[in-house]
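A.B. asks: Sharing a model prediction with you, sequence too.
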Amino acid sequence: MKYDLDLFLSLNEEYKTKPLVPAPPTYDPATLVERAARRVENINRKVPVAGKRVLEIGCGRGEVCFALNKTYGGDVVGVDVRSYPEWEDAPRGVTLLQTDQTAEDPQDIGKFDLIYSNSVWEHVRHPFKMLKRAFDVLKPGGHLLLSANLHRGPKASHRYRDIFFPWPHLLFDDEIVEQFYQTLNLKRTSAWVNQLSIADYFNYFNMVGFDVLHTSYSITPIDEAFVQRFSDKLDRFPRYDLERDFIHVKLRRPSNWSSGLHKFKRPAGWTPPSRRHPGAKRFWENIEASTEIIASNNGQPSPKLTATAGRNSGGANARTLRPQRTDGASSILGISDLSGIKMVAGGGIEPPTSGL
């Protein structure tokens, strides 16, 4: 099949009456304030905010920082790579800074009990450096609440206002997308995105040294007919990845941890993963034993589903490598399996790249 402009235009016309996102989010001031209030409630449910020094990475106009300060008081700092006119209205107790925290010599912003970031990490050009920086500015025992759009999800292109079919970024080269915008004389409004997968995030969490306390996902059910039509492209990716739009994680900086990137050791009795996991069967026994899944249907939220089957990845049957810690405790580390299965922290194992 030829993935050219003609196919692109044909698909977009076909999906015009059944767009991937029927009602894209709006950004008028009233909606932003209402959305910020909901997010603040959600943050406080996960980590009580009162009395904590809080940092928001990618604060935008500052509405979440304002809401945190209004509701719980305390010291709130927001950072972004650009400034906004709304920052002029920041109340006492809120500090908004234009700074790139991935720079070689980042601005000193102090230490924090809690860091929050929503729909920002996918736009960061150096996401590992940003995670390392977040770890460094967290106080021992502090938490990072991170939500990010996953590159293999159907909405990851961020162009659903103009492009109505799923996974355009996995099907078409960037040049074809550019030709589409030029042909229809449309202004590109979506921001640059990186290509991090679920496995990438978990590998980064472990390399930096975070404990993964909770993981959940926002899911869009797979359009099976669409996947079958373009299986030559989409079968390169696990179904597990193709349906997951967002990852939501609660991370913690351990109270005692050695400085720098962490050295790993094999526990006593460790055997090669290929011997322990000879095939994909074990994937279904281990996957997401304690992971909450937030399902969505065509952009509309559905009731929460909680996976209960299988063994928790921290159980006796999950013999994974564990990095050394100064307090003698350990944290699960993802390892690559020679048979094609990838171990990931906090949720069992990553499926093989085909056959599931």
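C.D. replies: Good, I have the coordinates.
A.B. asks: Just the mean pLDDT for whichever helix in the chain runs longest, thanks.
C.D. replies: Ranked by number of residues, the top helix in the chain under DSSP state H is helix 29-46. Helix 29-46 shows a mean pLDDT of 96.
A.B. asks: Make residue 1 into 705 and carry on from there
C.D. replies: Done: numbering now begins at 705, and the last item shifts to helix 733-750.
A.B. asks: what packs against that helix?
C.D. replies: The elements that helix 733-750 packs onto, with contact taken as 3 or more CB pairs under 8 Å, 6 or more residues apart in numbering; DSSP states H and E, are helix 767-776, strand 816-822, strand 842-853. From N, CA and C alone the C-beta is placed, and that goes for glycine too.
A.B. asks: helices and strands around the first one, which ones?
C.D. replies: Packed against helix 767-776, as judged by 3+ CB pairs under 8 Å, 6+ apart, are the following elements: helix 733-750, strand 758-761, strand 780-784, strand 798-802.
A.B. asks: Recalculate using a threshold of 10 Å.
C.D. replies: When contacts are defined as 3 or more CB pairs under 10 Å, 6 or more residues apart in numbering; DSSP states H and E, helix 767-776 sits against helix 733-750, strand 758-761, strand 780-784, strand 798-802, strand 816-822.
A.B. asks: With the last one instead?
C.D. replies: For strand 842-853, the contact count by 3+ CB pairs under 10 Å, 6+ apart identifies helix 733-750, strand 758-761, strand 816-822, helix 831-841, helix 902-912, strand 915-923, strand 948-956 as packing neighbours.
A.B. asks: mind checking how far the nearest residue to residue 921 once chain neighbours are set aside is from residue 929?
C.D. replies: In this structure, residue 921 finds its nearest non-sequential neighbour in residue 948, 4.7 Å apart by CB to CB, 6 or more residues apart in numbering. Distance, residue 948 to residue 929, by CB to CB, to the nearest Å: 20 Å.
A.B. asks: Tell me which of those two has more neighbours.
C.D. replies: The residue with more neighbours, out of residue 948 and residue 929, is residue 948; 22 against 7, by other CB atoms under 10 Å.
A.B. asks: what's near enough to touch the more buried one?
C.D. replies: By CB atoms under 10 Å, 6 or more residues apart in numbering, residue 948 lies in contact with 853-854, 856-858, 860, 901-902, 921-924, 942, 997.
A.B. asks: just for the stretch 955-1060 of the chain, where's the confidence low?
C.D. replies: The model of the stretch 955-1060 of the chain has pLDDT under 70 over residues 961-1060.
A.B. asks: try 90 this time
C.D. replies: Across the stretch 955-1060 of the chain, the ranges flagged by pLDDT under 90 are 960-1060.
A.B. asks: wait, residue 884 sits on residue 866?
C.D. replies: Yes. Because the distance of 8.1 Å satisfies CB atoms under 10 Å, residue 884 is recorded as touching residue 866.
A.B. asks: who touches both of the two?
C.D. replies: With CB under 10 Å, 6+ apart, residue 884 and residue 866 have common neighbours 716, 872, 890, 892.
A.B. asks: Can you read off the backbone torsions of the second one?
C.D. replies: When quoted as degrees, to the nearest 10, the phi and psi of residue 872 stand at phi -60, psi -30.
A.B. asks: For residue 900, see how far away residue 827 is.
C.D. replies: Shown here: residue 827 relative to residue 900, a distance of 11 Å by CB to CB.
A.B. asks: Which of the two has more residues huddled nearby?
C.D. replies: Shown here are residue 827 and residue 900; by other CB under 10 Å, residue 900 has more neighbours (22 against 17).
A.B. asks: Looking only at neighbour counts, state which of residue 884 and residue 866 leads.
C.D. replies: residue 884 (20 against 17).
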